[in-house]
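**Student:** what's the 3D shape of this:
(2 chains)
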Amino acid sequence: MKLKTALMGAAALLAFAPAAFAERGSDGELKIIQSQAASTMNQYLSSGTKDINASSMVSEPLASYKPDGTMMPRLAVEIPTLENGGVSADGKTITWKLLPGVKWSDGTDFTADDVVFTGQYCMDPAGGCAQLSKFEGIDKIEAVDPLTVKISFKEPKTNPYSAFVGALAPILQKKQFEKCLGANASSCTDANFKPIGTGPFVVTDFKTNDVAVFVANPNYRDPAKPAFATATLKGGNDAMSTARAVMETGEYDYGWNTQIEPEVQAQMIAAGKGKFMTAYGGLVERLELNMTDASSALPEGERSTAKHPHPIFSDIRVREALSKAIDRSLLVEIGYGEAARPTCNLVPAPEMFASDNTGCLTQDVEGAKKLLDEAGWTDSDGDGIRDKDGKKLSLVYQTSVNPIRQNFQAMIKQWWNDIGVEVELKQIDPSVFFGGDAGSPDTFQKFYADVQMFANEWDGTDPQAYLAQLTCEKAPKPEDQWQGENIPRFCNPDYDALIKEMLTTADPAKRADQIKKLNDMVTKDAMVTVPLANRARFSAVSNTLVGVDMNAWDSEYWNVADWSRAK
Amino acid sequence: MTDTTTKIRPPRNQWWDVWDQFKTHRGALVGLTIFVAILGLILIGPLVWHMDPTYVDFRARNKGFSLAHPLGTDQLGRDLLARMMAGGKVSISVGLTAMSLSIFLGAAIGVLAGYFKRLDGHLMRLTDLFLALPLLPLLLLMVTLFRDPLSKGFGPEGGIFLLIVTAIGATSWMQTARIVRGEVLALKEREFVLAARSIGTPAHRLVLRHILPNVMSPIMVSATLGIASAIITESALSFLGLGFPPDFPTWGRLLFDAVDQIQLYPMRVILPGIAISLTVLSVNYIGDGLRDALDPRIRGR
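**Tutor:** Residues are numbered from 1 along each chain as shown, chains lettered A, B, ... in the order given. Model (predicted):
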């Protein structure tokens, strides 16, 4: 009898197992570790990726970016376009149709009022919203009916998809945040730490800079998701311990941001508990060549300004030779391993914007030497360093303190020594280098060196604003407190003209062409920015977790509803 | 009376007595041997081992001990033996120079404060002030302000060498000054000083002839301790990436470069670590021995 019951029980379990696969909360607990802990769950109050990731598990935007950089409707029925009438012909309005039947996690209906309120919340001048740039140029947001939202812009917009698109601009619930407008925004601790959302999870406990605990949202629109009943998001100490917690000890399912040494990566992969996943966004480690003279012999206020063109780099052949002498694949292999790929582009992703410029990927030492010979730089006194008119080909090469960057400096110095260029290395504390203090001579904006190395990227998929940083008038100079963004002091009237043209072009295919052209103008045609490596988002995923689809354009947890336990 | 053969010892330099006493301290002897060996390796080594410490050899990355590279190579294929020798030269010369500077400052301020009552209050408050200065932020500031002018004048290596030596020297003289002041205060009241003063010896001669030789012992001791702490400070600075340019190896920088791979290649951390510890330890023992040897009350007992 007992045996029979046991057998029956076993049979019943077997019969139910496949059904359990597609059931909400059937897979137990999801454990995520981040190399930095989240400090808030409201991303309108923080621009840190750690916080954006955390809140993307709860709050959702109208549309998300997919890993290939295209958009996907989320709380909307479809992406509004010119064709389906969602975007007006004059580019001044965009109309979103909301998904019917969506409920907040407290059971109330999600309506257009919430969307309008969110806009009002972020655009409140007293609020100090961190994502205000997403709402730039908006004249008004109005609810046409409970399921339709219309956004009107002051000027025609070439890219109207910024407000309520992507993990940076999700929808807040009006009921919960109504009293948190303006100056009250940061004092609404309860709402900021436990926002009510439409996403797959609900926060139950939140400890700032430590841990966030979630349960599956009972009102989530897909009754079969999420597969996990609960989720924990813990802050780790650094990339190394985060990677270890997933790859070696197996305590966690997902480790966010695990940028570690390539040799250690290989060792961890060999342990067989997980894998590293990459997604390539726009983050490019690059050398920037100073087009102006940074010599300390010049008076303060004239160093690194357009008044004095660079004595060596004014000849493009020298810049080209420096780029040719570098073996980018070896740099990536030693510095990043799986976490980066060599690139020649300033805009290396998404696919639709990436130029086919690959000319720099093969190292050509002889070609570099020939170029320098042609440019008139020869080693006339036999000391191994080229010279011209009594001036030595000697460069100061600076970057921030960072073990990978110091390795890169040593390697690039050697390659440049090989072609007869003398290099003096300089390293600066990152808080000073990136600090932007106009009084310090060591910031990357002041650029008191000939060459410098750092990484930069842009927000969202569209690099228009990023490319527009390189116009002539944006060069940092003492008059504007060195706050310009055109770090290499690149100046090309054709480039500026093309940027102007782009500001009025709405056709996506044309824009893509323009972006590629602009990219080529700074990289292969001018060699002012010398890209080295396209760095990836790099996270560790346990072998027991399936459904992860790394995304460089949105939150890494953009599809957390689809994650499940490997069976 | 004539045949009383009183054996008078031949006149002998007092430093021989010091040396005799020093020899009886076994730790000091071992320390001295090790220190001389390290110095020898650093000074003579590069003449025998010709490899360039900054040469990047991509085919020989992460090699273990071998004939071609006795201590292996680092993540960029640079020879570790050559880097250890080059690093030691920088680290120890920083240690010695910074120590000389801090001893000079410390002894001068200590003697002045102890001997001249009018200066005492001011100088000791100055000492308190310096004791309260945090070294790292100060150095960050100094690097920002003075690196460019200094490297223009003395080259990138010379400039930062001067900067670091000055920074370490200028922030580590306080203990010496305190100790010396205490000794001088006690000595000043002794009969021989009174006697010298009563025959009209001017202050500067009194200090140089009578007081300074008598405080030599604490000065020497704090000098040896100073070398050790200067080496450690330089290593800490390089470890934080604030020291010399990245292409000048020092022991601290070797540690900094290797710490990420501590699990995979522990020897790369252990070797410079041992070098720093051995140097510091041996110098401390030498200081201990010198203290005993220089104290006439212990000597000959």
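**Student:** assign a three-state SS to A:V396, would you?
**Tutor:** Local secondary structure at A:V396 is given as strand here, using DSSP: H, G, I helix; E, B strand; the rest coil.
**Student:** give the contact list for it.
**Tutor:** If you count contacts by C-beta atoms under 8 Å, 6 or more residues apart in numbering or on different chains, A:V396 has them with A:A294, A:V423, A:E424, A:K426, A:A449, A:D450, A:V451. No exception for glycine: its C-beta is placed from N, CA and C like everyone else's.
**Student:** double-check the fifth one against A:Q427; I have them as touching.
**Tutor:** Translated: A:A449. No: A:A449 sits out of contact with A:Q427 when judged by C-beta atoms under 8 Å, with a separation of 11.0 Å.
**Student:** now for these two: what residues contact both?
**Tutor:** Overlap between the contact sets of A:A449 and A:Q427, as judged by C-beta under 8 Å, 6+ apart, is given by A:Q398.
**Student:** tell me the two of the contacts of A:V396 that are most distant?
**Tutor:** Among the contacts of A:V396, the pair separated by the greatest distance (C-beta to C-beta) is A:A294 and A:V423, at 14.4 Å.
**Student:** so who does the spatially most central residue of chain B touch?
**Tutor:** Nearest residue to the geometric centre of chain B (C-alpha atoms, centre = their mean): B:I227, 1.7 Å. By C-beta under 8 Å, 6+ apart, the contact list for B:I227 reads B:G95, B:L96, B:M99, B:V283.
**Student:** how far away is the third one from B:F130?
**Tutor:** From B:M99 over to B:F130 the distance is 16 Å, taken as C-beta to C-beta, to the nearest Å.
**Student:** more neighbours: which of those two?
**Tutor:** The residue with the greater number of neighbours, taking B:M99 and B:F130 and applying other C-beta atoms under 10 Å in any protein chain shown, is B:M99; the counts read 27 against 17.
**Student:** which residues does that one contact?
**Tutor:** With C-beta under 8 Å, 6+ apart as the criterion, the residues that contact B:M99 are B:G169, B:A223, B:G226, B:I227, B:A230.
**Student:** in JSON lines: these, plus distance to A:D222, pLDDT and secondary structure.
**Tutor:** Compiled in JSON lines, these are given as follows (distance: C-beta to C-beta, whole Å; pLDDT from 0 to 100; DSSP: H, G, I helix; E, B strand; the rest coil):
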{"residue": "B:G169", "distance to A:D222": "69", "pLDDT": "88", "secondary structure": "helix"}
{"residue": "B:A223", "distance to A:D222": "76", "pLDDT": "86", "secondary structure": "helix"}
{"residue": "B:G226", "distance to A:D222": "70", "pLDDT": "84", "secondary structure": "helix"}
{"residue": "B:I227", "distance to A:D222": "70", "pLDDT": "83", "secondary structure": "helix"}
{"residue": "B:A230", "distance to A:D222": "66", "pLDDT": "85", "secondary structure": "helix"}
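**Student:** nearest to A:D109 among those residues?
**Tutor:** B:A230 (71.1 Å).
**Student:** isn't the closest one up against B:G95?
**Tutor:** Yes: proximity of B:A230 to B:G95 meets the contact threshold set by C-beta under 8 Å, at 4.4 Å.
**Student:** got the residues of the stretch 1-150 of chain B near chain A?
**Tutor:** Within reach of chain A by C-beta under 8 Å from any C-beta of the partner chain, the stretch 1-150 of chain B has these residues: B:54-56, B:58, B:61-62, B:75-76, B:78, B:140, B:144, B:148-149.
**Student:** between those residues, which is nearest chain A?
**Tutor:** Of all those, the one sitting nearest chain A is B:V56; the distance, using C-beta to the nearest C-beta, is 4.4 Å.
**Student:** quick check on the closest one: phi, psi?
**Tutor:** The phi and psi torsions at B:V56 (degrees, to the nearest 10) take the values phi -90, psi 120.
**Student:** what's near enough to touch it?
**Tutor:** So B:V56 contacts A:A410, A:M411, A:Q414, B:L76, B:G77, B:R78 (C-beta under 8 Å, 6+ apart).
**Student:** kindly report the same for B:L194.
**Tutor:** Contacts here follow C-beta under 8 Å, 6+ apart; on that basis B:L194 touches nothing.
**Student:** same question, A:P218
**Tutor:** A:S105, A:V202.
**Student:** so it lies in a strand, does it not?
**Tutor:** No: secondary structure assignment places A:P218 outside any strand; it is coil (three-state DSSP).
**Student:** so how far is A:W563 from it?
**Tutor:** With distances taken as C-beta to C-beta, A:P218 is found 18 Å from A:W563.
**Student:** for A:A112, same thing?
**Tutor:** Using C-beta to C-beta, one gets 30 Å for the distance from A:A112 to A:W563.
**Student:** of the two, which one has the most company?
**Tutor:** Just comparing A:A112 and A:W563: by other C-beta under 10 Å the higher neighbour count belongs to A:W563, 24 against 20.
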